[in-house]
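[1] fold the following for me, if possible:
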Amino acid sequence: PIAYRKQKEGNFDIVSGTRYKGNGGVYGWDLKRKLISRGANFITQVLLRPGASDLTGSFRLYRKEVLQKLMEKCVSKGYVFQMEMIVRARQLGYTIGEVPISFVDRVYGESKLGGNEIVSFLKGLLTLFATT
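    Okay, here's the model as predicted:
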């Protein structure tokens, strides 16, 4: 409801939940996981200047036509896909609003984030840097 209200009030094309602004946060992650997330967002901010604070999060609300257009443009797989969606949205001139969210780590199962995903993320980041 908050993201939808933010989208309507601000006339945003995308509303992204952010763990890193306002009263957002992360609960249940160890220091390593927090450093990976913060580091990925920092490097992305420096290289791509996307204008959104949380590119590795996946809580987003898209207008249908915007999502369709972005899906046509995006080529990434894995975690870098989340980042590419925002970078391409900015490139196409779409507006992005943010709402703070609190992310609580899963109780069951485990993260799929491993060494291969980190390498894929860095490759995708460099590809976006070179092509946008």
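
[2] pLDDT-wise, which helix or strand of this structure ranks last?
    Using mean pLDDT, DSSP states H and E, the weakest-scoring helix or strand in the chain turns out to be helix 115-131, at a mean of 83.

[3] give me the buried positions along that helix.
    Within helix 115-131, the residues scored as buried using 16 or more other Cβ atoms under 10 Å are 117, 120, 121, 124, 125, 128. For every residue, glycine as well, the C-beta is placed using N, CA and C.

[4] which residues in the chain form strands?
    14-18, 25-27, 60-62, 96-100, 102-104 (DSSP state E).

[5] can I get the ones you listed in a markdown table including mean neighbour count?
    Converted to a markdown table, the strands of the chain look like this (neighbours: other Cβ atoms under 10 Å):
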| stretch | mean neighbour count |
| --- | --- |
| strand 14-18 | 23 |
| strand 25-27 | 13 |
| strand 60-62 | 19 |
| strand 96-100 | 19 |
| strand 102-104 | 14 |
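
[6] and of those strands, who's closest to residue 2?
    Closest to residue 2 of the strands of the chain is strand 96-100 (Cβ to Cβ; 5.3 Å).

[7] which residues does that closest one contact?
    Counting by Cβ atoms under 8 Å, 6 or more residues apart in numbering, strand 96-100 makes contact with 2-3, 6-7, 10, 12-19, 21-24, 51-54, 86, 89-90, all of which sit outside it.
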